[in-house]
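Colleague: Have a look at this prediction, sequence included:
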Amino acid sequence: MIRRALLAVAMVLLSGHARADVITDADCTKPQHAQKIINHCASLDFKAADAKLSDVYEKTRAALQQYKSDKTRFEVAEQAWLQYRGTQCAYEAGMYDGGSLYSMVYTTCAKRLTDARIKELRSYLACHLRVGKCEE
Amino acid sequence: MIRYLVLATSLVLFAAPAAAANVECKNAVTQMDMNFCADKDYQAADKKLNEAYRKAAAQEDAHGRDLLKQSERAWMTYRDAQCTYQTNASEGGSIQPMEYSECLTEKTKARIKELQS
């Protein structure tokens, strides 16, 4: 629940940068040259990673269902991580503030951090909560 | 009598870190020594992080430094919250300080890389 609310906020913040124009027919599997389309494709990449993260997040919460204090700590950690992702990507994109590259740099950063977070959560889920295969 | 007891207790409390100071971390055997050594590793990593942070900040203008500072603060909150969560299982046990320090070291090393890239 908390994560959904935070996610909604994050999406609004992100979309402020990403939603320059609605693009529906861009082929993101091919190299693109127009900045608008590159931004759009980067934002699709991020959204896909974020959907995966939501999935791991919900699986972890489900695995912690019977441990109330652990679940709370997990939610606190997720909230802190979301803050970190937002501020780190704002820092990385900072030099492009106001420019057409900002959205791409921001969402590329957000995707990278989200991928790392998925790994972090999956590893704990598998190796400590015994959900999935532990590859430590 | 009570005074002797208090004295005895404080001697035990003092003895722990004093003994740990002579630990050879390559051959640490007891949990207390391993906790001490894991913390030492973390302190070393944290020192490196401070250097990486200073270097990154030196390359930024005032706006960039401000954004970096905000990100560093948020990262530290995340680091602590994540390691608290990850070491939940051993909370209250003698192994917990070691696991917590190891977690901090791992996150710190990743953060150093991030700031250097």
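Modeller: Thanks, I have the structure now. Predicted model, so just to flag it, every value in this text is computed and none were measured.

Colleague: isn't B:Ala38 right next to B:Ser101, touching?
Modeller: Yes - here B:Ala38 reaches B:Ser101: they are 3.8 Å apart, a contact under CB atoms under 8 Å. Where C-beta positions appear, they are placed from N, C-alpha and C, glycine not excepted.

Colleague: Run the chain-centre distance for the helix or strand containing A:Glu75.
Modeller: Secondary-structure assignment from DSSP states H and E places A:Glu75 in helix A:68-93. Relative to its chain's centre, helix A:68-93 lies at 11 Å (CA atoms, centre = their mean, to the nearest Å).

Colleague: Tell me the residues of chain B that contact chain A?
Modeller: Residues of chain B found near chain A (CB under 8 Å from any CB of the partner chain) are B:63-64, B:67-68, B:70-71, B:73-75, B:77-78, B:80-82, B:84-86, B:88-89, B:110, B:114.

Colleague: What segments of the chain are helices?
Modeller: By default, I'm working from chain A. With helices called from DSSP state H, chain A shows them at A:2-18, A:35-63, A:68-93, A:102-127.

Colleague: Hmm, no, I was thinking of chain B.
Modeller: With DSSP H applied, chain B shows helices at B:2-20, B:31-58, B:62-86, B:96-116, listed in chain order.

Colleague: could these be laid out in TSV, adding mean neighbour count?
Modeller: Converted to TSV, these look like this (neighbours: other CB atoms under 10 Å in any protein chain shown):
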stretch	mean neighbour count
helix B:2-20	10
helix B:31-58	16
helix B:62-86	19
helix B:96-116	19
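
Colleague: Reformat those into a markdown table and put mean pLDDT next to each item.
Modeller: Output for the helices of chain B, formatted as a markdown table (pLDDT from 0 to 100):
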| stretch | mean pLDDT |
| --- | --- |
| helix B:2-20 | 52 |
| helix B:31-58 | 96 |
| helix B:62-86 | 97 |
| helix B:96-116 | 96 |
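
Colleague: got these as a markdown table, with distance to A:Arg117 columns?
Modeller: A markdown table is the format used below for the helices of chain B (distance: least, CB to CB, whole Å):
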| stretch | distance to A:Arg117 |
| --- | --- |
| helix B:2-20 | 35 |
| helix B:31-58 | 19 |
| helix B:62-86 | 10 |
| helix B:96-116 | 11 |
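
Colleague: Please name whichever of those helices is nearest to A:Ser103.
Modeller: Among the helices of chain B, helix B:62-86 comes nearest to A:Ser103, with 16.3 Å by CB to CB.

Colleague: Give the residue farthest from the middle of chain A.
Modeller: Using CA atoms, centre = their mean, the residue of chain A lying farthest from its centre is A:Gln66. It sits 26.7 Å away.

Colleague: For it, what are phi and psi?
Modeller: phi -90, psi -10 (degrees, to the nearest 10).

Colleague: for A:Leu125, what are its contacts?
Modeller: A:Leu125 makes contact with A:56, A:59-60, A:63, A:131-132, according to CB atoms under 8 Å, 6 or more residues apart in numbering or on different chains.

Colleague: A:Gln88 too?
Modeller: By CB under 8 Å, 6+ apart, the contact set of A:Gln88 is A:109, A:113, B:71, B:74-75, B:114.

Colleague: which of the contacts of A:Leu125 count as buried?
Modeller: Buried by 16 or more other CB atoms under 10 Å in any protein chain shown: A:56, A:59-60, A:63, A:131, out of the contacts of A:Leu125.
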